[in-house]
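K.L.:
Dropping a prediction and its sequence here:
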Amino acid sequence: MLKRILLMMTAVVGAATLAFAQDPSGAETLAANPMAPVDYVWVLVCGFLVFFMQAGFAMVEAGFCRAKNATNLMAKNVIDFTVASLIFMAFGFALMMGTDYHGLVGISGWFLHGESYDVGKYLMFFWQLVFAGTAATIVSGAIAERLKFKAYFIYSLAVTALIYPIYGHWVWGGGWLSQLPFGIGHVDFAGSGVVHTIGGFVGLAGAIVLGPRFGKFAKDGKPRAIPGHSITLAALGTFILWFGWFGFNPGSTFSAHQLRIAVIAVNTNLAAAAGAAVAILLVFAKTKKWDVGMMLNGCLAGLVAITAPCAWVEAWAAVVIGAIAGALVVGSVYFWEARGVDDPVGAVSVHGINGIWGLIAVGLFADGTYGLGTTSEPLVKGLFYGGGSGQLLAQVIGAVVCAAWAFGLGFVVFKIMDKKFGVRVSPEEELKGLDIIEHGTPAYPNFYNYNN
Amino acid sequence: MKKIEAVIRVEKLDDMVEALERIGCPGMMITRIEGHGRQKGLVEQFRGREYKVNFLPKIKIEAVVKDADVEKVIKTITDNARTGEIGDGKIFIYPVDNAVRIRTGEKGEGAI
């Protein structure tokens, strides 16, 4: 997709980029295209919103986990973006968006240096960086309350230097998935797969290697609830993410000249609402209680699912996609718990499973009114709109590859670390909480006790 | 002298302190406790899974009073702590051998 967006960028923004190769001041870009500023501002403001989603993830995870691990969760959510910024600048961006090498990987633009010292390149770097940060930070929820900080540091390196950018290249950097001979190739508008399925399945690998937290399963193996310490923070985090998604999806047009942004914003919101509604109703049917925690998960599930199809579907389809996501997240939470996987915040269900659903939904609901960040051919058309099964097939292939790649590499990374130094904290540390022993700083010193 | 130990609802604390001071109860001690009575705890829910909370937060009030004041204090506590619902709490009454005011060394009912 981004290959085409690149082409579009060259057309809309950067006739000058081609002519002069690099334009660090932006003067030549502006002279060649006086319309460029609105696009630059659009992409940057949306990028700032996506950056703010880091805060959303931090609050959701802190709220859904216990007070004794809150400092640790803050540390992880800060360090992954810190590592992502530095590593993505050095290697990740080049691997993802550099000159394509046989459809596998990008090989130019290291360290944002030389030819990459250009306003257009920097704009794209910033956009891709905040997405990489999002993918990285999703994992911290699935492995919460028991992973050594050192292991998280190393994991952050692996995901932003290799796992995320290489898969990202296959879809957005002109790699082999975007060139599949079905439909118009595998497409993922804003990253249900590239960002969320990647994050969710690396998280699944981490959760499996780590094993469940103490007390998550009774002696007979029955799952037990470990209530988080603040639904207030979790709800705030969800609102921040919901808000941030209005940058995440509409900003993925990479141009304010694409008025489709209005459709994308509406679809994004509708899917979130439908996901939240279905999740809370389903749990109510089961327990007769209005479960806010699951409603928050349902809202996020709807957002994840609409991320890939947001630009290609109409309102009713966004509602259906979000509603199915709300049901999927409830089923998935129970499914993984029944299999002994402990995912404290539901990251695997929200991001992993619904990322796959979002990719598949493109192949079903895309209505053929919009293309890859362009209003001209080729347009994306799914099964229900007479597009045949080609696009659906491309979506399924991409989804399978995405889950396998993320889970496989994630598993290897966590397993190697486990063999070398053990990824899990000591039992004593887990019971007392990671905050004091790992960081020396309780999150709430005046309210601290070992039980919650 | 008797020690009156009352376990009451957390939200009744302010009313209780005010009522006890109004009838001239000389002093009291407050402890925030957790516990359960005959109805046990309650079932809460987190992200679609129910769990049992065995102990609920309660307030324990302790006051040592003159024998003559016991019934009055008990009545004040029951009047103010009662909602009529399960979980209103309980009152226990213990005999007290003696009391000493540390500042003066005074003993007996005059020391409380």
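P.N.:
Alright, I've got the coordinates.

K.L.:
Would you map the strands across chain B?
P.N.:
Counting by DSSP state E, one finds strands in chain B at the ranges B:2-8, B:29-35, B:42-46, B:49-53, B:56-65, B:90-95.

K.L.:
got it, and chain A?
P.N.:
A:100-101, A:105-106, A:367-371, A:379-381.

K.L.:
just checking, which of those strands sits deepest inside the structure?
P.N.:
Mean neighbour count (mean count of other C-beta atoms under 10 Å in any protein chain shown) peaks for strand A:379-381 among these, with a mean of 23. C-betas here are computed from N, CA, C, even on glycine.

K.L.:
circling back to that earlier point, how about TSV for the strands of chain A, with mean pLDDT and distance to A:A274 added?
P.N.:
As requested, the strands of chain A are arranged in TSV below (pLDDT from 0 to 100; distance: least, C-beta to C-beta, whole Å):
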stretch	mean pLDDT	distance to A:A274
strand A:100-101	95	38
strand A:105-106	95	37
strand A:367-371	95	18
strand A:379-381	95	21
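
K.L.:
pLDDT averaged over stretch A:34-52 - what is it?
P.N.:
With pLDDT averaged residue by residue, stretch A:34-52 scores 97.

K.L.:
And for the closest residue to B:I77 other than its chain neighbours, the neighbour number?
P.N.:
Using C-beta to C-beta, 6 or more residues apart in numbering or on different chains and skipping residues adjacent in sequence, the residue nearest B:I77 is B:A6, 4.9 Å away. As a burial measure, B:A6 scores 26 neighbours (other C-beta atoms under 10 Å in any protein chain shown).

K.L.:
Report the contact partners of B:A6.
P.N.:
For B:A6, the contacting residues are B:M16, B:K60, B:I61, B:E62, B:I77, B:A81, B:G89, B:K90, B:I91, B:F92, by C-beta atoms under 8 Å, 6 or more residues apart in numbering or on different chains.

K.L.:
who does the fourth one bridge with?
P.N.:
For B:E62, the beta-bridge partners are B:E5, B:M29 (DSSP bridges).

K.L.:
What of the last one?
P.N.:
Taking DSSP bridges as the rule, B:F92 bridges to B:E5.

K.L.:
what about it, distance to A:A158?
P.N.:
Distance of B:F92 to A:A158, given as C-beta to C-beta, to the nearest Å: 61 Å.

K.L.:
In contact with the closest residue in space to B:K12 that isn't next to it in sequence, which residues?
P.N.:
Excluding its sequence neighbours, the residue lying closest to B:K12 (C-beta to C-beta, 6+ apart) is B:A81, at 5.0 Å. By C-beta under 8 Å, 6+ apart, the contact set of B:A81 is B:A6, B:I8, B:R9, B:K12, B:M16, B:D88, B:G89.

K.L.:
and the gap between B:A81 and chain A?
P.N.:
27 Å (C-beta to the nearest C-beta, to the nearest Å).

K.L.:
Then B:G27?
P.N.:
On the measure of C-beta to the nearest C-beta, B:G27 and chain A end up 27 Å apart.

K.L.:
That residue touches B:R101, doesn't it?
P.N.:
No. Counting by C-beta atoms under 8 Å, B:R101 is not a contact partner of B:G27; they are 11.0 Å apart.

K.L.:
number of nearby residues for the residue of the stretch 301-450 of chain A found nearest chain B?
P.N.:
Scanning the stretch 301-450 of chain A for the residue nearest chain B gives A:V333, at 5.9 Å (criterion: C-beta to the nearest C-beta). Counted with other C-beta under 10 Å, residues neighbouring A:V333 total 27.

K.L.:
For it, which residues are in contact?
P.N.:
A:M294, A:N297, A:D343, A:G346, A:S349, B:R47, B:G48.

K.L.:
Now it. Nearest residue, chain neighbours left out?
P.N.:
A:S349 is the one closest to A:V333 (C-beta to C-beta, 6+ apart), at 4.8 Å.

K.L.:
again with A:P165
P.N.:
Nearest residue to A:P165, sequence neighbours excluded (C-beta to C-beta, 6+ apart): A:M96, at 3.7 Å.

K.L.:
What's the separation between the one you found and A:V171?
P.N.:
10 Å.

K.L.:
if I pick A:A256, what's in contact with it?
P.N.:
Per C-beta under 8 Å, 6+ apart, neighbours of A:A256: A:V38, A:D39, A:V41, A:W42.

K.L.:
Could you pull up phi and psi at it?
P.N.:
Phi and psi for A:A256, reported as degrees, to the nearest 10, are phi -80, psi -10.

K.L.:
now do A:F214
P.N.:
The phi/psi pair for A:F214 (degrees, to the nearest 10) reads phi -60, psi 130.

K.L.:
Okay, it and A:Y334: tell me how far apart.
P.N.:
With C-beta to C-beta as the criterion, A:F214 and A:Y334 are 21 Å apart.

K.L.:
What of A:L300?
P.N.:
A:L300 is 17 Å from A:Y334, by C-beta to C-beta.

K.L.:
for the residue nearest to A:W242 when sequence neighbours are not counted, what are its contacts?
P.N.:
Nearest-residue entry for A:W242: A:A272, 5.5 Å, with adjacent residues in sequence omitted and distances by C-beta to C-beta, 6+ apart. If a contact means C-beta under 8 Å, 6+ apart, then A:A272 has A:W242, A:W245, A:C299, A:L300, A:G302, A:L303, A:I306, A:G322 as its contacts.

K.L.:
can you list these in CSV and add neighbour count?
P.N.:
Converted to CSV, these look like this (neighbours: other C-beta atoms under 10 Å in any protein chain shown):
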residue, neighbour count
A:W242, 21
A:W245, 29
A:C299, 30
A:L300, 32
A:G302, 37
A:L303, 33
A:I306, 35
A:G322, 31
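
K.L.:
now, which of the residues you listed lie within helices?
P.N.:
A:W242, A:W245, A:C299, A:L300, A:G302, A:L303, A:I306, A:G322 (DSSP state H).

K.L.:
list the contacts for the third one?
P.N.:
In this case it means A:C299. Counted by C-beta under 8 Å, 6+ apart, A:C299 has contacts A:T238, A:W242, A:A272, A:A273, A:G275, A:A276, A:A279.

K.L.:
same question, the first one
P.N.:
When the contact criterion is C-beta under 8 Å, 6+ apart, the partners of A:W242 are A:G56, A:N269, A:A272, A:C299, A:L303.
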